[in-house]
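Participant: Sequence and predicted structure are below.
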Amino acid sequence: MSTASTSRPGQSDRTGIGKVVGASMIGTTIEWYDFFLFGSAAALVFGDVFFDELGGTTGTLYSFMVYALGFVARPLGGMVFGHFGDRIGRKKMLVLSLLLMGGSTFAIGLLPTYAQVGILAPLLLVACRLVQGFAVGGEWGGAVLMAAEHGHNTKRGFWTSFVQAGVPAGNLIAAGALWILQGVLTPEQFLSWGWRVSFLLSAVLVFIGLWVRLSIEESPVFAATQAQLAARKERTHQPLLEVIKHYPKEILLAMGMRLAENISYYIFTVISISYLKDYLDTDGSLGTQAVLIGSAVQVIAIPLIGIASDRFGRKPFYLAGAIGVGVWTFVFFGMLDSASGGMVALAVTIGLLFHALMYSPQAAFFSELFGTSVRYTGASIGYQLASVAAGALAPIVAIALLGDVNDPNDVAVGIYVAIASVLTIISVLFARETRGESLEHDRTLQPAAATS
C-alpha cells in the first residue's frame, strides 16, 4: 500500500483545492440545512400540524417516525448515486442531489395541514421526506470525495473536514432560522405559517449551491481511474457489485464506526429540543438556541480536529469521541433538567465537541478505506446503511426509552448510547490507520493488472 505524501500528477494546487472544498462545503451545508430543518420542525410543530388529532408526545413520536423514513431512503440514494458517481462522475451526481433536496424541502413549506386535507397531509409529508432522504444519501459521498480526491495526501483530513463542517453549519442555519422566527412571531403565528418560511428559503439556497457546484471540475483521480477502466474491455464496470466483492470488511467497519457518531448527534440535537419542549415544558426556543450555539462551536472545531488527525492519525480522535459520547450522555440530561439557558447550551456544546472528534476525521477515514473505482459507492453505502439503524431510530428509541413525561428514564438513553459507543470502539480498533495514504489504490483493478 502506497503511503507517498508527494503531490500526484494533475493534483489541484492550493487555489484549486480551496475552490473545490468551498463548493463541496456550501452544497453540503445547504443539503443538510434542508435535512436537519425537518428534524427540528418535527420536534417543534409537525406533531400539531400534520398529526393534530394526536398532539403532545404522541404527535411528536409520529413526526419522528416520518423523520426516520428519510434515513430509510438514504441507503438507496447512496447506492444509486454512488453507482453512477463511480461510473459517470462525482460532479453530475452532486448537482442532481442538490436539485432533489431543494425541491422536496420547498414543497414541504407548501403542504396543506391535517385540518385542511386530513390523512393526505401526512402522506404528502412522507413523500417529501423520502425524496429528501434519497437525495442526501448521495450527497455526502460525492462531496467528500471531491475534496479528498483533489487534495494532498498529507492534508486530506483538513480539507475533507470542511465538508464535514458543512453538516453542523446546515444545522446551525436551520436552528438559527427557526430561532429567529420563534423570536419575532407569536407561538400561534409560528405554528400557523411561520415555520413554513424556513422551508421556502431553501429555494434561494439551492440556486446559490448550484451556481457554485457547476463551477468546479471533476476529480482528477476519478478521471485517471476512468481511463484505466476504459482499457478493460472485457466487462462493464459495476461499482455496487465490485465494492461488495472486494471491500466487504471496509463496509462493515464503516457502518460500525457510524453508530455512536450518528446516534449521539441526534440525541444532542433533535432529542434535546424535544426533551426541553415536551418533557420539561419549556419555551421551544431554548432548545433551538442551545443547538445554535453548539453547532457554531462545532463548525470551528471540526477543521481544527481535521488538522490534528493529519498529524496524529484518524483512530485516536475517533476513539476519544466514541468514549466521550458514551460517558457524556449520562451527564447530558441532568444538565438539561436545569432548564437554564447556560447549562443547556453547555450540555449540547460539549456533546457536539465529543461528536466532532469522530465526525471530523470520518470523511478522510472512509475515503481512504476504498479504491477509486468504487469509492463513491463504498463510502456512501457504509455511511448511509448505518444511518438506518442509528440516526433513523435514535429519536424514536430515545422517546420510547424516556417514557412518561412526568418521570423520564434518561439513564436508559445513556445506556443506549453507551452500547453504540462500544460497538464503534470495536470497529475502530479493527480498522487500519489510513493517515497519509495515497488514494491511488484499487483492489478492483488488481486482477487486470496481474494478467496484463
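Facilitator: Yep, that arrived.
Participant: Outside of stretch 207-220 itself, list whatever touches it.
Facilitator: 8, 10-12, 16, 19-20, 22-23, 26-27, 30-31, 89-91, 94-95, 98-99, 102, 145-146, 149-150 (CB atoms under 8 Å, 6 or more residues apart in numbering). Yep, even glycine has a C-beta here, placed from its N, CA and C like the rest.
Participant: Dihedrals phi and psi, E437?
Facilitator: Dihedral angles of E437 (phi, psi; degrees, to the nearest 10) stand at phi -70, psi 150.
Participant: Look at it and report its pLDDT.
Facilitator: Predicted confidence (pLDDT) for E437: 84.
Participant: same check, this time on Y265
Facilitator: 93.
Participant: Without its sequence neighbours, what residue ends up closest to it?
Facilitator: Distances taken as CB to CB, 6 or more residues apart in numbering place H355 nearest to Y265, at 5.3 Å, with adjacent residues excluded.
Participant: Would you mind checking the average pLDDT for the helix or strand that contains the one you found?
Facilitator: In this structure, H355 is located in helix 341-369 according to DSSP states H and E. The average pLDDT for helix 341-369 rounds to 95.
Participant: tell me what that helix is packed against?
Facilitator: helix 120-150, helix 156-184, helix 248-266, helix 272-274, helix 284-312, helix 314-336, helix 375-387 (3 or more CB pairs under 8 Å, 6 or more residues apart in numbering; DSSP states H and E).
Participant: can you rerun that using 10 Å?
Facilitator: If you count contacts as 3 or more CB pairs under 10 Å, 6 or more residues apart in numbering; DSSP states H and E, helix 341-369 packs onto helix 120-150, helix 156-184, helix 248-266, helix 272-274, helix 284-312, helix 314-336, helix 375-387, helix 410-430.
Participant: Check whether M358 really touches T424, as I assumed.
Facilitator: Yes: at 7.5 Å, M358 counts as touching T424 under the criterion of CB atoms under 10 Å.
Participant: which residues do those two both contact?
Facilitator: 257-258, 260-262, 264, 318-319, 321-322, 325 (CB atoms under 10 Å, 6 or more residues apart in numbering).
Participant: Which members of those are the farthest-apart pair?
Facilitator: The span of the shared contacts of M358 and T424, defined through CB to CB, is set by N262 and L319 at 16.5 Å.
Participant: Could you pull up the residues touching E31?
Facilitator: 94, 97-98, 100-102, 105, 132, 135-136, 138-140, 143, 166-167, 170, 202, 205-206, 209.
Participant: The residue nearest to Y265 - how many residues pack around it?
Facilitator: The local packing of H355 (other CB atoms under 10 Å) involves 29 other residues.
Participant: so where's this protein uncertain?
Facilitator: Across the chain, the ranges flagged by pLDDT under 70 are 1-15, 53-57, 229-235, 284, 441-443, 445-452.
Participant: Find the centremost residue of it, please.
Facilitator: By CA atoms, centre = their mean, the chain has its centre lying nearest to V167, at 5.9 Å.
Participant: can I assume that residue is in contact with N262?
Facilitator: No: V167 lies out of contact with N262 (CB under 10 Å); the separation is 11.0 Å.
Participant: what touches both of the two?
Facilitator: Joint contacts of V167 and N262 (CB under 10 Å, 6+ apart) are Y359.
Participant: re the thing from before, now, which of the contacts of stretch 207-220 lie within helices?
Facilitator: 16, 19-20, 22-23, 26-27, 30-31, 90-91, 94-95, 98-99, 102, 145-146, 149-150 (DSSP state H).
Participant: Am I right that L292 is in contact with A345?
Facilitator: Yes: with contact defined as CB under 10 Å, L292 and A345 form a contacting pair (8.6 Å).
Participant: Looking at the two, which is more packed in?
Facilitator: Remark: of L292 and A345, L292 carries more neighbours, 22 against 19, as counted by other CB under 10 Å.
Participant: Contacts only, for that one.
Facilitator: Applying CB under 10 Å, 6+ apart, the residues contacting L292 are 171-180, 285, 345, 348.
Participant: how about a cut-off of 7 Å?
Facilitator: Taking CB atoms under 7 Å, 6 or more residues apart in numbering, we find L292 in contact with 172, 175-176, 179.
Participant: ok so, going back, OK, contacts around the residue nearest to Y265?
Facilitator: H355 neighbours (CB under 7 Å, 6+ apart): 261, 264-265, 268, 321, 325.
Participant: Out of those, which is nearest to A224?
Facilitator: Nearest to A224 among the contacts of H355, with distances taken as CB to CB, is E261, at 31.4 Å.
Participant: now that closest one, nearest residue through space, not along the chain?
Facilitator: In this structure, E261 finds its nearest non-sequential neighbour in M358, 4.2 Å apart by CB to CB, 6+ apart.
Participant: what's around the one you found, how many residues?
Facilitator: By other CB under 10 Å, 30 other residues sit near M358.
Participant: just checking, it touches Y318?
Facilitator: Yes: counting by CB atoms under 7 Å, M358 does reach Y318; the two are 5.1 Å apart.
Participant: Nearest to A398, out of the helices and strands packed on helix 341-369?
Facilitator: Of all the helices and strands packed on helix 341-369, it is helix 410-430 that lies closest to A398, at 5.2 Å by CB to CB.
Participant: Next, the angle from that closest one to helix 248-266.
Facilitator: Counting by axes from the mean of the first three to the mean of the last three CA atoms, to 10 degrees, helix 410-430 lies at 150 degrees to helix 248-266.
Participant: angle of helix 410-430 against helix 375-387?
Facilitator: Going by the same axes, to 10 degrees, helix 410-430 makes 150 degrees with helix 375-387.
Participant: which of the residues in helix 410-430 are buried?
Facilitator: Neighbour counts over helix 410-430 (16 or more other CB atoms under 10 Å) mark 410, 413-414, 416-418, 420-421, 423-425, 427-428 as buried.
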